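Asker: Coordinates only, no sequence provided:
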């Protein structure tokens, strides 16, 4: 696993502890950490004990040579995007199966942004990549990973425009992403590239796989992003303009039905119910909603929570909450690997 | 002034200290505070000294009898809406000029929601009210008071739909509005009645005064409101769907031109420039933008700050920041009174 | 259980879910909640699901009559102190065994403030109370419940003076204890009666049971208390003046030895190790230390964490962290009941 | 001025705007900023407008050569300590008068830590330094700069021991000192070297100037330091063990008398009253107390606020609040220069 000491890397470690299918064969990080025991190199920030199995594992440098020296089958990548381009490509050339949280290859034509409950057929893109044996499968940006659950079930109603405004947690910027003087008691209405990522990735994920590749979803996505003084959990205010008037209960039913039909309960990291409808009028709230789910489970933080459904003419409004470092990063990547494994695409 | 001890009441006190035109003749509050000196009854929360002139003023109960006993010309009302209906009506019947922060009469056909830079002609509504001599003039809800500055200058471009999502400060809920366990490190995506108020008030303020009364602005307003752990300043993410493609620089120019032509610099509480364009790419931020203006001035907190202007097809996006207890409450009401006085509508 | 809807009451509910020894026979709260299902009356704030067993339980008014109508053996009281005096006394008169979180009887000569790892022999006080059959056993104030673990193991070194300064979480003030405008980005260096409680209760708990009752510990306790914007966990800075020079390692050894010898692992709610020594130089921290323990366990939040041990001449310094609503309230009371039960003092 | 872009540097800029005695002749910062206009290089964080006079000033590299090239008389240094040792020494050798916020020379025998209301006679140390003409005068660590005001007036009562526990604001760690994930909703009970600095500097400042140099104050200082999620203002809980019983009113009177006799109102940056006694039982609070003073004045943030005075036997307790980047840094240095100037020690 590349990028093992960052926040997303830490979630990977937690999720891979006692994983029934995968075993962690090597952990890689920056040069600075190489050679150290994990417990010494990491600044562990997760709300659980540092797992025993990883404490004394030695970190290697995340270099091509070091990774290839280990005889790995699949690789999770939690490195920053700017370090990922070459290494991901070369590892795939060497026949490795990459599950990547980096954004750098997401917009490549032959690289799927996979969310198995949403666009399971997109995985076939990966099989058609230039690589003899390996492939690169990416998960989406953290905000996008929640938004698509709010949109996919209502596509049949005819989506014309989507307006999303985010309240994003500081953990989304990584371990050292935001200085406290910038955010304490404040809101920062700017997150570099985030609006663009949401607009592009959402349309690709919700697009249709054709013989010519992915045909993006036809509707417009308009995103506005801000950082708020919250530790974990991205809240999103969503307005969907539909093509015709609708009933709120039909929308709610569509969410429930989607959840029932597309849940992947058999995969270890999948939540039984991918979409939870919050009935409290005060809506989903970062500090309460995640913790109120079964905290210990591997699928903790993998469900997307939707609440405050409202309508006005052809406009549907709701708030949506997604755990940014789990469903929005490490958990997403791991679920992708589980899905590929269950489809017997991995050796 | 009614409701003198609450947060909005405190802003009134600050703004009326050494006011060149108005003198505070009586302060009224709940029964609990009646008979006490102001300095004993108040839990002063503003970032300035409690003004000397008010320290030993005796509070009266905010009852009809007590108010009428004083020989007042105009009355500022910062009482909660539920206490305001009868007393405002009766005081107006008695010939008093009411400038009210309460929402209770705002939707009445003959009551203007006045923002003098925006809809100065609406004040004539007040003169046609049922009252022999007095009248009721309201200011808008705090979020609305910022939003209209973001919309009015671009009406000539043809507004089709407006989507606004708010990040509202805790002071907007009043002195005892939000418990700390509910908001620390959290976002609450629900503010009772706020979305409805924004939608109704904005259309009324931006509406056209006709012989039959106000004809609401013809475009749709869609609001989503949330509370964030910020002390002062409502941030709003705004998307405006215009009728045709446009250039960003024309929009920016429209804001500047509006500001120049509609500023009311001669009124003591008016900001010279009602709309400030924030050029920093990180946009307007509650903790920095207000304090970076001339803190001591009476017009502090009266300008609305707009930044991060973006466009995509016919959609215009921006973030907007308004000081909720000043431009959104006490300052708004005081400016209305100054405007009425300058138009010689007050005795 | 009395006071079932407050924050401490919620912790009781969580801890009594599937308790191996006790079964909840009735839940009592204020008049306002009486007659409602628990799930409707409660504003559930804990980081876990509202347990199923309690959802539809009907709340009764916490009146003498209502409590006596149920045929209870023991009663947990999480009511505010001002409501507890009479009802606790009368229930004990009626033969009930009271385990109380209220402070009102703590300073009574014949009422023990019991912390079973610290002063297990004090429970005998309860058996000598005026009541024919029942008794009142209290747990300590939340800050005190941590402090005594920092002091008891080093009493053999000869304590002369203790100086404690607290950083107390907002949950210590209860569900509606602190308004957000008072604490966001602030510290409030005043908590009513807290300093006095710490000083009195610590000396009583660490006192010696004699035939004439408790003889208070002979050393001086000097407390200074402040509230900080933290959700859970009281941090305490402690300076102990000892009678003679000492070695830090002897102190640390004393903590470890105490923990080993006085742990009550056999009791369901007791932590295996009551004192955890934090080796990180940055000391125990509210947001990380609790969650880094086994979150799901019944004994979660019951260990006291001590770190940053320093010495200078005869002064020993350290920081200490205690979970204020668990070890400092509900968990403490429940552990007391388990202890009494294990000693066969309950029917 | 060296270190012009950091938080302390920004306070210097603000305080030197329109200063009646001093004129800023050059601003120096890291290599990265050299050559840029100040307004482009700085990330302005203060609650006031960036002063006009500095906007277009060009920053120079804080190198020996660059500083000497300007023909300066006195130099303010806000560089980090690790960059200050050589440059301060060499500049003093070259005949410049250094007023330094860096800690690196504070413990030198012939370098005074000057606080002119507290130890004005210590300035004579500077005149006896090795340098032909120049000198180095330091101000104290931020926490110390408040503490000494709480101690100096009560020295006549006979101080035996001092115990201080701090609640320190994040701005004390500088512009990029603390990551938001480390402090949001948390307390960090560790600040590198801070406890040692408080203990050493306080004893030196309160020491006696003799012919052999400073003889440290004879009492023991015991410090425990923690960082809290507050933007500005260090709160300190202080316990002073006196040699004999005392009356609280005598203590309070001593503070008032000290303030009256040692205020330096004639110096532009000095507060009229250096110690303010807060009468509110809830004590001095970072978010309210500074802003409640005259915000615009040059002396804003220069007074130390003391409250919650309590006594128990020979122990005196109080809380104390000091503005860490003003009285604790830039304002302290500037006041030292004003004091030296008023004593005609500067050319």
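Answerer: Looks like it came in fine. Predicted model, so just to flag it, every value in this text is computed and none were measured. Numbers count the residues shown, from 1 in each chain, chains lettered A, B, ... in the order given.
Asker: Poorly predicted segments of chain A, please.
Answerer: Applying pLDDT under 70 to chain A flags residues A:291-296.
Asker: what ranges do the strands span in the stretch 151-300 of chain A?
Answerer: Counting by DSSP state E, counting those that start in this stretch, the stretch 151-300 of chain A has strands at residues A:159-167, A:208-210, A:213-215, A:220-224, A:234-242, A:275-278.
Asker: Tell me which of those strands approaches residue A:51 most closely.
Answerer: Across the strands of the stretch 151-300 of chain A, residue A:51 has its closest neighbour in strand A:234-242 (25.6 Å, CB to CB). Just so you know, the C-beta spots here come from the backbone N, C-alpha and C atoms, and that holds for glycine as well.
Asker: hmm, the closest one touching chain B?
Answerer: Yes: for strand A:234-242, a contact with chain B is found by CB under 8 Å from any CB of the partner chain, at A:235, A:237, A:239.
Asker: Selecting buried members of those in PyMOL, what would you type?
Answerer: The PyMOL command for the buried members of the residues of strand A:234-242 next to chain B (criterion: 16 or more other CB atoms under 10 Å in any protein chain shown) is given here:
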select buried, chain A and resi 235+237+239
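Asker: quick one: which of the residues of strand A:234-242 next to chain B is nearest to chain B?
Answerer: Set against chain B, the nearest of the residues of strand A:234-242 next to chain B by CB to the nearest CB is residue A:237 (4.2 Å).
Asker: show me what contacts the closest one?
Answerer: Residues in contact with residue A:237 (CB atoms under 8 Å, 6 or more residues apart in numbering or on different chains) are A:164, A:165, A:166, A:167, A:317, A:319, B:165, B:189, B:224, B:226.
Asker: so the third one makes contact with residue A:230?
Answerer: Spelled out, that is residue A:166. No: if you go by CB atoms under 8 Å, residue A:166 and residue A:230 don't touch, sitting 11.2 Å apart.
Asker: buried set for the longest helix along chain A?
Answerer: Longest helix in chain A, counting residues (DSSP state H): helix A:248-262. Neighbour counts using 16+ other CB under 10 Å place A:251, A:254, A:255, A:258, A:259, A:262 of helix A:248-262 among the buried residues.
Asker: coming back round to it: ok, which of the strands of the stretch 151-300 of chain A comes nearest residue A:47?
Answerer: Per CB to CB, nearest to residue A:47 of those: strand A:234-242, 17.3 Å.
Asker: now the closest one against strand B:159-167, angle please.
Answerer: Per axes from the mean of the first three to the mean of the last three CA atoms, to 10 degrees, the angle that strand A:234-242 makes with strand B:159-167 is 160 degrees.
Asker: closest to residue A:123 out of the strands of the stretch 151-300 of chain A?
Answerer: That would be strand A:208-210 among these, by CB to CB, at 9.4 Å.
Asker: partners of that closest one, with directions?
Answerer: Strand A:208-210 pairs in its sheet with strand A:213-215 (antiparallel), by DSSP bridges.
Asker: quick check, distance from the partner strand to the centre of its chain.
Answerer: Computed by CA atoms, centre = their mean, to the nearest Å, the chain-centroid distance of strand A:213-215 equals 21 Å.
Asker: Tell me who's in contact with the nearest residue to residue A:250 once chain neighbours are set aside.
Answerer: Sequence neighbours aside, residue A:157 is the residue nearest to residue A:250 in space, at 7.6 Å (criterion: CB to CB, 6 or more residues apart in numbering or on different chains). Counting by CB under 8 Å, 6+ apart, residue A:157 touches A:242, A:243, A:244, A:246, A:250, A:251, A:254.
Asker: same deal with residue A:202?
Answerer: By CB under 8 Å, 6+ apart, the residues touching residue A:202 are A:140, A:144, A:147, A:148, A:151, A:162, A:217, A:221.
Asker: Of those residues - the most surrounded one?
Answerer: The residue in the contacts of residue A:202 with the most neighbours, by other CB atoms under 10 Å in any protein chain shown, is residue A:144 (31 neighbours).
Asker: quick one: it and residue A:199 touch, right?
Answerer: No: counting by CB under 8 Å, residue A:144 stays clear of residue A:199, with 9.1 Å between them.
Asker: Any idea what residue A:167 is bridged to?
Answerer: residue A:235.
Asker: OK, contacts around it?
Answerer: Contacts of residue A:167 were listed using CB under 8 Å, 6+ apart, and they are A:226, A:228, A:230, A:234, A:235, A:236, A:237, A:286, B:167, B:187, B:226, B:228.
Asker: Any of the residues you listed buried? List them.
Answerer: Buried members of the contacts of residue A:167, scored by 16+ other CB under 10 Å, are A:226, A:228, A:230, A:234, A:235, A:236, A:237, A:286, B:167, B:187, B:226, B:228.
Asker: Is it correct that the fifth one is in contact with residue A:289?
Answerer: Spelled out, that is residue A:235. No: look at residue A:235 against residue A:289 with CB under 8 Å: they stay out of range, at 9.4 Å.
Asker: Need the residues touching each of those two.
Answerer: residue A:321.
Asker: For the spatially closest residue to residue A:199 that is not a sequence neighbour, give its distance to residue D:316.
Answerer: In space, and not counting its chain neighbours, residue A:199 is closest to residue A:221: 4.5 Å by CB to CB, 6+ apart. Distance, residue A:221 to residue D:316, using CB to CB, to the nearest Å: 64 Å.
Asker: Format the buried residues of helix A:248-262 as CSV; extra columns: distance to chain C.
Answerer: Listed next are those as CSV, based on distance: CB to the nearest CB, whole Å:
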residue, distance to chain C
A:251, 25
A:254, 26
A:255, 21
A:258, 23
A:259, 18
A:262, 24
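Asker: Quick check: the farthest pair among those?
Answerer: Of all pairs drawn from the buried residues of helix A:248-262, the greatest distance, 16.3 Å, lies between A:251 and A:262 (CB to CB).
Asker: The stretch 201-347 of chain A against chain B: which residues are in contact?
Answerer: Close to chain B, as judged by CB under 8 Å from any CB, the stretch 201-347 of chain A has residues A:220, A:222, A:224, A:226, A:228-231, A:235, A:237, A:239, A:281-288, A:307-308, A:310, A:312-313, A:315, A:317, A:319.
Asker: mind listing which of the residues you listed are in helices?
Answerer: Per DSSP H, those map to helices at A:286, A:287, A:288.
Asker: picking that back up, please name the bridge partners of the residue nearest to residue A:199.
Answerer: Here residue A:221 sits in beta bridges with residue A:162, going by DSSP bridges.
Asker: tell me which element the residue in the stretch 1-150 of chain A positioned nearest to chain D falls in.
Answerer: Going by CB to the nearest CB, chain D is nearest to residue A:45 of the stretch 1-150 of chain A, at 6.3 Å. Residue A:45 is part of no helix or strand when elements are defined by DSSP states H and E.
Asker: Count the residues that sit near residue A:347.
Answerer: If we define neighbours as other CB under 10 Å, then residue A:347 has 9 of them.
Asker: Quick check: chain neighbours aside, which residue is closest to it?
Answerer: Counting by CB to CB, 6+ apart, residue A:73 is the residue found nearest to residue A:347 once chain neighbours are left out, at 5.5 Å.
Asker: can you tell me which residues contact the one you found?
Answerer: Per CB under 8 Å, 6+ apart, neighbours of residue A:73: A:96, A:97, A:346, A:347.
Asker: Of the residues you listed, select the buried ones using a ChimeraX command.
Answerer: Selection of buried members from the contacts of residue A:73 for ChimeraX, criterion 16+ other CB under 10 Å:
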select /A:96,97,346
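Asker: Quick one: the contacts of residue A:73 as JSON lines, columns for secondary structure too.
Answerer: Below are the contacts of residue A:73 laid out as JSON lines (DSSP: H, G, I helix; E, B strand; the rest coil):
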{"residue": "A:96", "secondary structure": "coil"}
{"residue": "A:97", "secondary structure": "strand"}
{"residue": "A:346", "secondary structure": "coil"}
{"residue": "A:347", "secondary structure": "coil"}
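Asker: Tell me the bridge partners for residue A:227.
Answerer: With DSSP bridges as the criterion, residue A:227 is bridged to residue A:168, residue A:188.
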